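> the following block contains a protein sequence and its predicted model.
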Amino acid sequence: MAGSPAAARGKLVRQRLLEAAVALVPELGWSAVSTRILAERAGVTPSVVHYHFPSLQALMIEGVLGAMREVAVAFEPALESVETPADAVDALLASVGEYSGTDPMSLLFAEAYLAATRDDTLRQGIRELLAGLRTRFGGWLAERGVADADDTAAALLAAVDGLLLHRALGPESGRIVSPAVLRRLVG
């Protein structure tokens, strides 16, 4: 029964495990998260991890991709409120303004990108997430007459991603460039 109390408890435990993974990856680094540490953070026994997920890696991938998806789609509503491609560049920059490069979400992305170089499932998940975002943003740009819209969307998103990665190196390294520089890509 999907509506049973046991099913509801199981769903809650599963959610706590995913949230623990998302919190631990930036704190400890991908490779330092163990079943024991994750279970302790979620308030369950280690055996519960493997009851709900086929492996620790599968749990971490699902949690991290879910968190990354939330960040990626947060930019999309801004596209509904802007008219021009230049305004979209400003909205894109504003959507990442809260990330310092050393905040938990920035670190989660950096850890996930690094782990994806060694894990095909994670790499494919990130690839699909980015491809979807590029396609939607590229379509939006194309509707507004931007030349090579898909490539332009890819370049803009990669530039912002890179700037965020550089922020972790220090304030000078990752300062967001003048919006005018990125607006040239859509001009």
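Received it, and whenever you're ready, just let me know what you need. Residues are numbered from 1 along each chain as shown.

> now L169: phi and psi?
phi -80, psi -20 (degrees, to the nearest 10).

> once you drop chain neighbours, what's closest to it?
G101 (7.3 Å; Cβ to Cβ, 6 or more residues apart in numbering). Backbone N, C-alpha and C define where each C-beta goes, glycine included.

> same check on S100?
S100 sits nearest to R167 (Cβ to Cβ, 6+ apart), 6.0 Å away.

> how close does that neighbour get to M68?
17 Å (Cβ to Cβ, to the nearest Å).

> quick one, what contacts T45?
A39 (Cβ atoms under 8 Å, 6 or more residues apart in numbering).

> how many other residues sit next to M60?
Residues within reach of M60, counting by other Cβ atoms under 10 Å, total 26.

> quick one: buried residues of the strand or helix carrying it?
Following DSSP states H and E, one finds M60 within helix 56-74. Under the neighbour-count criterion of 16 or more other Cβ atoms under 10 Å, helix 56-74 has 56, 59-65, 67-69, 71-72 buried.

> quick one: contacts of that helix?
By Cβ under 8 Å, 6+ apart, helix 56-74 touches 17-22, 25, 30, 33-35, 38, 49, 52-53, 95, 105, 108-109, 111-112, 119, 121-122, 125-126, 129-130, 132-133.

> which among those end up buried?
Buried members of the contacts of helix 56-74, scored by 16+ other Cβ under 10 Å, are 17-18, 20-22, 25, 30, 33, 35, 38, 49, 52-53, 95, 105, 108-109, 111-112, 119, 122, 125-126, 129-130, 133.
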